[in-house]
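Peer 1: Quick one: sequence plus predicted model below, questions after.
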Amino acid sequence: MKKLVLALLLCVIWGTQAQKTLSADYSVKVSEPYRVVDADYKWLLSNDGDIVSLKFDGKDIYIQRFDGTKPAYLGEKKYESYLPKNYVVEQVKEFKNRYYVFYSSWDGDNQKEQLFAAEVDFAKGEFTGTPRLLLQVNGKISGKYSGRAYDFQLRDKFEILTSTDSKAILVKYRKKPEVKNDKKSFDIIGLGTFDADLKKVSVKEIVMPYTERRMNNLDYQIDNDGNLYMLTKIFHDDSNDDKKKRKDTLANYHVELFTIKSGSDKLNISKLENKDKFITSLWIFDSPSSPDLIAGGYYSNGKGKDFTKSCDGIMTFKMKEDGTVSEPSYYDIPVELINEYESGKTKRKNEKKEEKGEGAKFTDLKLKELKIERDGSMILIGEQTFILAHTTGGNMGSRTYYTYHYNDILATKIDASGKLAWMRKIPKQQTGTNGQGGMSFDFFGVLNEYFLVFLDNVKNIDLPTDKQPAAHTDGKGGYLTGVRIAGADGNYTKGSILNAREVEDFKLHQFSVDRIVKISETSFVLEAYKKSKEDVMIKVTLK
């Protein structure tokens, strides 16, 4: 009897503490459960508070409708064999308030790769009309495999880009090389331009001016006039190495901007000398307030053993319509910021690197988000992501397994004049064994703030800067955490939105940040599995 009373008392105390742990800055509403659709690929779309979920499970496609304001499940429509047997979803996109599923389908009889667009009627939650053939490409094109078990289809063959005003659409693909020797093979890039109604404007295939070994495409973008911009890394020899020698201080490559005017096949080239800056990532975005395109990314100073995976700072530059490139601006990451939320051992290592002139680095930083605001300012969000291999066993046999890590976030704002407004490090430590799973984060703007949401260990809510974050293990519950960053000064607050182990009277399973969608300036929804073959839709409102 005493044990029972003690257990009940502990439950009451734990429950009270859990309630106090949740932030008062958020309200949470949960829909009634509805039948789960265990699909391979899922997309959530939103329009004026309503939600449509597209779920692709082999030959079966489900379109589910929700009222996001309550939230509430409204119903679904199932399609059997609506798309061809060998279809591959390339992207699901919205532009001009119209929604499309872009999918590819290989025509083996005629040896052609094809791209189609199937339009979704958002209000009715169903496909409308018949799929439209956009492109037919002679022969194979390059792509990549998903990495999922039993999924052997080639994906990401077509990249669909839209201009800021959604009046111009570009479909880009890369022909599979016929010559296997990359020292002799020249990439052929296909470019299909369409208007907002998906009417074809032009299709052209352009042979790159350098061999595959000598170039590495970084990013593409299209402007409102349909002009294409390509940033490319050009190596100075066939080594394909960032440095000729280990002690070299200059990069063994430079960056070139390829510009192709709408309606033209001519390739205009502008050169950008990065010299002693080693670029680790670079993205292009068009600005809603300027005709210039803006590039932003990360660079390394080239020092240290793993300099290609490390970041010393941020670089930005502008690209004009005539193809000229502005002088880049560079913003170093302060060692004081790198040392935040790190162990004493790591701080001492960083101090030694600073003394040697090598510099402390933000390791394994990947650019995940880049947003150009209407006033011309820029927000860059990066995340530490890496994979570790672990081998166990001995002479009698060994086994290798992999762990996936999604750690600290670096948020940076560059103001419209090109000055560094602020730079903030947001600590987290997520580890899993099944790919991304429920790790990483979602990001969106909220009025004059920026908002990050991810699963975290509740111990990290009030973490002091001299402490390392406690680990969150993927699939083991966790607290859905919101980070609200003030746009003006970068100061942020953290709060626990919900406990994944205790949402009303059930636990959440199979959570993914890919199943989060913003539905208004102050609210978002997420879909999650609650077991018993049921899903729920959860609405989170920022107070």
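Peer 2: Happy to help now that I have it.

Peer 1: Pretty sure Gln242 sits against Ala251.
Peer 2: One thing to correct before we go on: residue 242 is Asp, not Gln. Yes - Asp242 lies in contact with Ala251 (Cβ atoms under 8 Å); the separation is 6.1 Å. Backbone N, C-alpha and C define where each C-beta goes, glycine included.

Peer 1: Now the common contact residues for these two.
Peer 2: Residues within reach of Asp242 and of Ala251 at once, by Cβ atoms under 8 Å, 6 or more residues apart in numbering, are Phe278, Gly302.

Peer 1: residue contacts, Lys275?
Peer 2: Counted by Cβ under 8 Å, 6+ apart, Lys275 has contacts Leu250, Ala251.

Peer 1: should've said Glu273
Peer 2: Applying Cβ under 8 Å, 6+ apart to Glu273 gives the contacts His254.

Peer 1: ok, now Gly226?
Peer 2: By Cβ under 8 Å, 6+ apart, the neighbours of Gly226 are Ser163, Ala168, Leu170, Thr193, Val201, Ser262, Gly263.

Peer 1: Can you tell me the closest non-neighbouring residue to Ala360?
Peer 2: Asn350 (3.6 Å; Cβ to Cβ, 6 or more residues apart in numbering).

Peer 1: Just want to check the distance between the one you found and Pro334.
Peer 2: In this structure, Asn350 and Pro334 are 11 Å apart, going by Cβ to Cβ, to the nearest Å.

Peer 1: Neighbour count: these two, which is higher?
Peer 2: Between Asn350 and Pro334, counted using other Cβ atoms under 10 Å, Asn350 has the larger neighbour count: 19 against 13.

Peer 1: ok so the more buried one is a helix residue?
Peer 2: Yes - remark: Asn350 belongs to a helix, assigned using DSSP: H, G, I helix; E, B strand; the rest coil.

Peer 1: re earlier: please say which of Asp242 and Ala251 ends up with more neighbours.
Peer 2: Ala251 (24 against 18).

Peer 1: next one: phi and psi at the more buried one?
Peer 2: phi -70, psi 150 (degrees, to the nearest 10).

Peer 1: per-residue confidence at it?
Peer 2: Ala251 is assigned 95 on the pLDDT scale.

Peer 1: follow-up on the earlier one: could you double-check that the residue nearest to Ala360 lies in contact with Thr363?
Peer 2: No - between Asn350 and Thr363 there is no contact under Cβ under 8 Å: 10.5 Å.

Peer 1: which residues in the stretch 1-150 of the chain form strands?
Peer 2: Counting by DSSP state E, counting those that start in this stretch, the stretch 1-150 of the chain has strands at residues 26-30, 34-35, 41-47, 50-57, 60-67, 72-80, 88-95, 98-107, 112-121, 126-138, 144-145.

Peer 1: got those strands as JSON lines, with distance to Lys413, mean neighbour count and mean pLDDT columns?
Peer 2: Shown next, in JSON lines, are the strands of the stretch 1-150 of the chain (distance: least, Cβ to Cβ, whole Å; neighbours: other Cβ atoms under 10 Å; pLDDT from 0 to 100):
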{"stretch": "strand 26-30", "distance to Lys413": "24", "mean neighbour count": "16", "mean pLDDT": "94"}
{"stretch": "strand 34-35", "distance to Lys413": "40", "mean neighbour count": "14", "mean pLDDT": "94"}
{"stretch": "strand 41-47", "distance to Lys413": "26", "mean neighbour count": "18", "mean pLDDT": "93"}
{"stretch": "strand 50-57", "distance to Lys413": "30", "mean neighbour count": "21", "mean pLDDT": "95"}
{"stretch": "strand 60-67", "distance to Lys413": "34", "mean neighbour count": "20", "mean pLDDT": "97"}
{"stretch": "strand 72-80", "distance to Lys413": "37", "mean neighbour count": "14", "mean pLDDT": "96"}
{"stretch": "strand 88-95", "distance to Lys413": "27", "mean neighbour count": "19", "mean pLDDT": "93"}
{"stretch": "strand 98-107", "distance to Lys413": "31", "mean neighbour count": "20", "mean pLDDT": "95"}
{"stretch": "strand 112-121", "distance to Lys413": "35", "mean neighbour count": "19", "mean pLDDT": "97"}
{"stretch": "strand 126-138", "distance to Lys413": "38", "mean neighbour count": "15", "mean pLDDT": "96"}
{"stretch": "strand 144-145", "distance to Lys413": "33", "mean neighbour count": "10", "mean pLDDT": "76"}
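
Peer 1: which stretch among those strands comes nearest Ile189?
Peer 2: Closest approach to Ile189 among the strands of the stretch 1-150 of the chain (Cβ to Cβ): strand 126-138, 11.6 Å.

Peer 1: Dump the C-alpha coordinates for the closest one into PDB.
Peer 2: C-alpha atoms of strand 126-138 as PDB (Å, rounded to 0.1, in the frame of the first residue of the first chain):
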ATOM      1  CA  GLU A 126      -8.700  16.100 -55.700                       C
ATOM      2  CA  PHE A 127      -6.800  16.100 -58.900                       C
ATOM      3  CA  THR A 128      -8.300  18.200 -61.600                       C
ATOM      4  CA  GLY A 129      -8.100  17.500 -65.400                       C
ATOM      5  CA  THR A 130      -5.400  15.200 -66.700                       C
ATOM      6  CA  PRO A 131      -1.700  15.300 -66.100                       C
ATOM      7  CA  ARG A 132       0.200  17.500 -68.500                       C
ATOM      8  CA  LEU A 133       3.400  16.500 -70.300                       C
ATOM      9  CA  LEU A 134       5.900  19.300 -69.800                       C
ATOM     10  CA  LEU A 135       9.200  17.700 -71.100                       C
ATOM     11  CA  GLN A 136      10.500  14.700 -73.000                       C
ATOM     12  CA  VAL A 137      14.200  14.200 -72.900                       C
ATOM     13  CA  ASN A 138      16.000  11.800 -75.200                       C
END
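
Peer 1: Just the residues contacting it, thanks.
Peer 2: Contacts for strand 126-138 (Cβ under 8 Å, 6+ apart): 63, 77, 79, 82-83, 102-103, 107, 111-121, 158, 171, 173, 175, 190, 192, 194, 198, 200, 203.

Peer 1: between it and strand 50-57, how big is the angle?
Peer 2: Going by axes from the mean of the first three to the mean of the last three Cα atoms, to 10 degrees, strand 126-138 is angled at 50 degrees with respect to strand 50-57.

Peer 1: what lines up beside strand 126-138 in the sheet?
Peer 2: Using DSSP bridges, strand 126-138 pairs in its sheet with strand 112-121 (antiparallel).

Peer 1: related to what we said a few turns ago, and the contacts of Gly226, which of them are buried?
Peer 2: Ser163, Ala168, Leu170, Thr193 (16 or more other Cβ atoms under 10 Å).

Peer 1: Tell me the one of those nearest Gln153?
Peer 2: Proximity of the buried ones among the contacts of Gly226 to Gln153 (Cβ to Cβ) peaks at Leu170, which lies at 23.7 Å.

Peer 1: so that closest one is in which element?
Peer 2: Element membership for Leu170, per DSSP states H and E: strand 168-174.

Peer 1: Which strands or helices does the helix or strand just after that strand pack on?
Peer 2: Downstream of strand 168-174, the next assigned helix or strand under DSSP H and E is strand 186-195. In this structure, strand 186-195 packs against strand 126-138, strand 168-174, strand 200-211, strand 215-222, with contacts taken as 3 or more Cβ pairs under 8 Å, 6 or more residues apart in numbering; DSSP states H and E.

Peer 1: Nice, that's everything, thank you.
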